[in-house]
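Undergrad: coordinates only, sequence not included:
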């Protein structure tokens, strides 16, 4: 049985779950007309949404997920009491200019502090963090900052690219 699918057709009701054409996921249950799919967010790794979609709107990929992997998936996601039914959206895009709005010991290790400006370096997040380059040269030619993972809530957009 092929259990990796891609959403090939959008419907208005899918938008409330932040689904989009081409999003991939695992089949959780197929009841004929409807298929329950655990869609995986390709912009925020680790994010998922469990949604019922019309079976005719899915394209089955030529891939089988190993039973070992699927068992682990069942234990970590499907057995949760509060299952997610929508994909989170990422408000940051690659090359957006951002400002750090919260100090943190982890950032301070790299001489990065509240108010510093940086540039988003990747068009995706891993969990709750994105990669931001805070590198800068002071007036004396000294290098400060670094490219670090920053919690999304610790940033605000200054300029969108």
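TA: Now that the structure is in, tell me what you want to look at. Just so it is clear, the model here is predicted, and its values are computed rather than measured.

Undergrad: Flag the shaky bits of the protein, pLDDT-wise.
TA: Applying pLDDT under 70 to the chain flags the ranges 1-2, 78-82, 161.

Undergrad: where along it do the strands fall?
TA: For the chain, the strands defined by DSSP state E cover 4-7, 24-30, 34-40, 44-45, 48-54, 58-60, 97-100, 117-120, 125-126, 129-133, 136-137, 143-144, 147-151, 155-159.

Undergrad: quick one: strands adjacent to the first one?
TA: Strands flanking strand 4-7 in the sheet, each with its direction: strand 24-30 (antiparallel), strand 58-60 (antiparallel) (DSSP bridges).

Undergrad: Equivalent analysis for the third one, please.
TA: Each strand pairing with strand 34-40, determined using DSSP bridges, is listed with its direction: strand 24-30 (antiparallel), strand 48-54 (antiparallel).

Undergrad: Ok, the last one next?
TA: Sheet pairing of strand 155-159 (DSSP bridges) gives strand 97-100 (antiparallel).

Undergrad: Would you pull up how far the strand it pairs with lies from the middle of the chain?
TA: Its chain's C-alpha centre and that of strand 97-100 lie 19 Å apart, by C-alpha atoms, centre = their mean, to the nearest Å.

Undergrad: Now that strand: buried residues?
TA: 98, 100 (16 or more other C-beta atoms under 10 Å). Where C-beta positions appear, they are placed from N, C-alpha and C, glycine not excepted.

Undergrad: what does that strand contact?
TA: 92, 107, 112-120, 132, 134, 150, 154-159, 161 (C-beta atoms under 8 Å, 6 or more residues apart in numbering).
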